[in-house]
Each structure stands twice: as C-alpha cells, then as structure tokens.
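**Q** Need a 3D model of the following:
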Amino acid sequence: MNIHHFDMAFLAVAEAHGEPGAGLLEQFGVNWQNLLAQIVVFLAVFYILKRFAFGPILAQLEERKERIREQQENAEKIRRELAEAEETRKRLVAEANDRATKIVSEAEGTAAALTERRTQEAVAQAEAMITKAREASARDRDQMMSELKREVGKLVVQTTAKVAGKVLTAEDQKRLQEEAAREMAA
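**A** Residues are numbered from 1 along each chain as shown. Predicted coordinates:
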C-alpha cells in the first residue's frame, strides 16, 4: 500500500466518526496517560543518557578527533622536517663531494710537487755523491801517485847505487827521486 492510500484510509476513518481526527488516537489504542508517562520517561532517559553517556562519549570522541588532528599535524610536520633533512643531507653530501674533489686535486698537486722536489733532491744527492766520489778518487790517485813516485824514486836510487857501485849521498838520492817523479808526471 502506498502512502496516498494510507492517507485516504485515515481520513475515511476520521469522517466515519463524525469529527475529523477525533477519537482517532483512541481507535489506535493510544492512552494519553501512558503516552505522557512514556514521553516523560523518554525525556528523563534522554537527559540521563545525554548527561552521563552521550556527553562523555561525545567528549571522548572530540578528544580523539583532536588527538587525530594533532597526530596528523605532527605527521605533516615530521614529513616536512624529513624533507628538509633530506635536502640538507643532499646539500651536505654535495659539499663533501666538492671538498673531497678539491682535496684530491690538491693532494695530486702536492704529490706531483713533492715527487718533483724529491726527484730534484735525489739528483742533487747523486750529483753530490758523484762529485765526492770523483774528489775522493782524485785524492786517492794523487796519493797513490805520490807513493808511487816515492817508491820509484827509491827504486831508481837503489838501482843507480847498485849499477854505479857506490853509496849515494842524501843529496844525490833526492835529485834522482825528483828526476824520476818528473818523468812519471810527464
């Protein structure tokens, strides 16, 4: 049955009793005293529920809603901070890479300069050693030549003394040694 038919049936019942709407509540079995008592009880229960149940529940729901909102704000704040931290990390890594590249370049330059300096020092040391060795060799040669001249001079003196059959004076020995030294030097 649709609503239009229901309205018609309701009006027909009301007209049958002579007064529109009169006695309709009695016909449906509505007792005014019970209805008022039920309304009062309903309002009392509604008030009690609102005060002791709905109020605290709504307050808890509102608190929860507020906590959720705060957590969402905190989550958004954390996301922003993480994004900022990520940007800072990227920037610091880029700066560190730049510094590392500069340090490596400087180290390569320093190493090249150090290698060059060490090479020059090694060449200078080698040249100094060669010079010292030449000087030492020249001293040794001069010393050996001096000793050889003395020995040759002694041998010449001894040989001359044996060949001549006489004893040479110190002056003769000196003169013979000098002559032998001159001939060896030439």
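**Q** Could you give the separation of the longest helix along the chain from the chain centroid?
**A** Using DSSP state H, we find that the single longest helix of the chain is helix 55-164. When distances are taken as CA atoms, centre = their mean, to the nearest Å, helix 55-164 is centred 22 Å away from the chain's centroid.
**Q** Show me what that helix packs onto, helices and strands only.
**A** Applying 3 or more CB pairs under 8 Å, 6 or more residues apart in numbering; DSSP states H and E, we find helix 55-164 packed against helix 170-185. Every residue, glycine included, has its C-beta placed from N, CA and C.
**Q** For the helix it packs on, buried residues please.
**A** Buried residues in helix 170-185, counting neighbours by 16 or more other CB atoms under 10 Å, are found at 173, 176-177, 180-181.
**Q** quick one: contacts for the closest residue to A181 other than its chain neighbours?
**A** Distances taken as CB to CB, 6 or more residues apart in numbering place K149 nearest to A181, at 4.2 Å, with adjacent residues excluded. Residues counted as contacts of K149 (CB atoms under 8 Å, 6 or more residues apart in numbering) are 177, 180-181, 184-185.
**Q** any idea of the mean pLDDT in the longest helix of the chain?
**A** Helix 55-164 carries an average pLDDT of 88.
**Q** Relative to A181, how far out is R139?
**A** Applying CB to CB, to the nearest Å, the value for R139 to A181 is 18 Å.
**Q** E70 now?
**A** Separation of E70 from A181 (CB to CB) stands at 115 Å.
**Q** Same question for V104.
**A** Taking CB to CB, one finds V104 at 68 Å from A181.
**Q** Please apply the same query to L58.
**A** L58 is 133 Å from A181, by CB to CB.
**Q** one step back: quick check, nearest of the buried residues of helix 170-185 to R79?
**A** A181 (104.1 Å; CB to CB).
**Q** Return the per-residue confidence for that closest one.
**A** pLDDT for A181: 74.
**Q** Compute the distance between the spatially most central residue of the chain and A100, please.
**A** The centre of the chain sits closest to V93, judged by CA atoms, centre = their mean, with a distance of 6.4 Å. Going from V93 to A100 by CB to CB gives 10 Å.
**Q** now do L49
**A** 71 Å.
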